[in-house]
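Trainee: Quick one: sequence and predicted model below, then my questions.
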Amino acid sequence: MNSDSPIRPTFLNRSISVALFFILLGLWEFTVRYFNVPAFVIPKPSSVVIALYNGLSSGLYLWHMGITLAEVLAGFAIGSSIGFLLGVGIATNRYVEYFVYPYAIVLQSLPKVALAPLIVLWFGLGITSKVIAAALICFFAVMVNTVAGLRSVDQDRVDLVRSLDGSNFQVFWMLRLPAALPFIMAGLEIALTFALIGAVVAEFIGAENGLGMLVQSMNFSMDVAGSFSVLVVLAAVGLVLNQLIAQIRKRLIYWERRPDTAAPEPEDADAHNVVQTPSRVTS
């Protein structure tokens, strides 16, 4: 068996993964109970499950999750669009690279945690400030990956298309963009995670709704189990969004070679090097 081949999601493998998860939860529960760890330091997993059930059954978590999800998706759409357009401009136009790229670097170098209070102050406690914070923190990943992808095309291929009287748009659309799609999709996966972080951080600073605001309010009331349950919801949202991007990548980049679809190596290389000579036909 090839050590580089991916693990197949068989029933046995899924069962082992679920068993490991419950073993970790059991060790956590046992440790907290055995050492009498205070609930305001680390809650028991059973308390987190109860808080999670109460929050979901009452609809409280679903309402705030919808607000946070709307902020994340809107910020991701705006930030990734700006990042893609800037990446295309930087990769294809030297004037855009010279005049715009340094400002993008400066903007990315600024700590977003320090900018979040100003964004909330300028745009209020509503959804607008969260969308802007999410867009600011996620656009750079898409921009850098777009530039790297568009510049990864072999120059000989570009010269071949131009020798066939191909226009700049045809070079971009038929050659550069398909080659850059794996880079762009990798940037989108990173940007989506950053958008979630940016929206939650902005909710920490000041918000009327959202999972980040819910965590802050529970921390103020010393409801650590409730805070952990909201973190579980945030982790689930991040995982679902990541899987969504992964599925889009599989369908969009259909020509991308996967490890499990790679051609198998021949078992005996010498057998393929044998030169067969035609047999002599005697009359």
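Mentor: Structure's in. What do you need?

Trainee: Show me which positions of the strand or helix carrying Thr128 end up buried.
Mentor: Thr128 belongs to helix 127-150 when assigned by DSSP states H and E. Judged by neighbour count using 16 or more other CB atoms under 10 Å, the buried positions of helix 127-150 are 127, 129-150. Every residue, glycine included, has its C-beta placed from N, CA and C.

Trainee: Likewise for stretch 230-244?
Mentor: Applying 16+ other CB under 10 Å to stretch 230-244 flags Val230, Val232, Val233, Leu234, Val237, Gly238, Leu241 as buried.

Trainee: got it, and stretch 47-66?
Mentor: Under 16+ other CB under 10 Å, the buried positions of stretch 47-66 are Ser47, Val48, Ala51, Leu52, Gly55, Tyr61, His64, Met65.

Trainee: Run the chain-centre distance for that stretch.
Mentor: 25 Å (CA atoms, centre = their mean, to the nearest Å).

Trainee: With just CA atoms, put it into CSV.
Mentor: Once non-C-alpha atoms are left out, stretch 47-66 reads as follows in CSV (Å, rounded to 0.1, in the frame of the first residue of the first chain):
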residue,chain,number,x,y,z
SER,A,47,-22.3,20.9,31.0
VAL,A,48,-21.2,22.1,27.6
VAL,A,49,-23.6,19.7,25.9
ILE,A,50,-26.5,20.8,28.1
ALA,A,51,-25.8,24.4,27.4
LEU,A,52,-25.5,23.6,23.7
TYR,A,53,-28.8,21.8,23.7
ASN,A,54,-30.6,24.6,25.6
GLY,A,55,-29.2,27.2,23.2
LEU,A,56,-30.2,25.3,20.1
SER,A,57,-33.6,24.2,21.3
SER,A,58,-34.6,27.7,22.3
GLY,A,59,-33.5,29.1,18.9
LEU,A,60,-31.1,31.6,20.6
TYR,A,61,-28.0,30.1,19.0
LEU,A,62,-29.6,29.8,15.6
TRP,A,63,-30.7,33.4,15.5
HIS,A,64,-27.2,34.7,16.4
MET,A,65,-25.6,32.2,14.1
GLY,A,66,-27.7,33.5,11.2
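
Trainee: Residues touching it, excluding its own?
Mentor: Outside stretch 47-66, the residues that touch it by CB atoms under 8 Å, 6 or more residues apart in numbering are 39, 209-211, 213-214, 223, 225-226, 228-230, 232-233, 237.

Trainee: Which of those fall within helices?
Mentor: Counting by DSSP state H, the part of the contacts of stretch 47-66 found in helices is Leu211, Met213, Leu214, Ala225, Gly226, Phe228, Ser229, Val230, Val232, Val233, Val237.

Trainee: Name the nearest residue to Gly28, ignoring sequence neighbours.
Mentor: No Gly there; residue 28 is Trp. Among residues not flanking Trp28 along the chain, Pro45 sits closest, at 5.3 Å (CB to CB, 6 or more residues apart in numbering).

Trainee: Distance check, the one you found against Gly238.
Mentor: According to CB to CB, to the nearest Å, Pro45 and Gly238 sit 20 Å apart.

Trainee: quick one: low-confidence ranges for this structure?
Mentor: For the chain, the stretches with pLDDT under 70 are 1-6, 257-283.

Trainee: quick revisit: pick out whichever of the buried residues of stretch 230-244 sits closest to Leu196.
Mentor: Using CB to CB, Gly238 comes nearest to Leu196 of the buried residues of stretch 230-244, at 5.5 Å.

Trainee: The closest one touches Phe194, doesn't it?
Mentor: No. Using CB atoms under 8 Å, Gly238 is not in contact with Phe194; the gap is 10.7 Å.

Trainee: Count the residues that sit near Tyr95.
Mentor: Number of residues near Tyr95 (other CB atoms under 10 Å) recorded here: 9.

Trainee: For it, grab phi and psi.
Mentor: phi -70, psi -40 (degrees, to the nearest 10).
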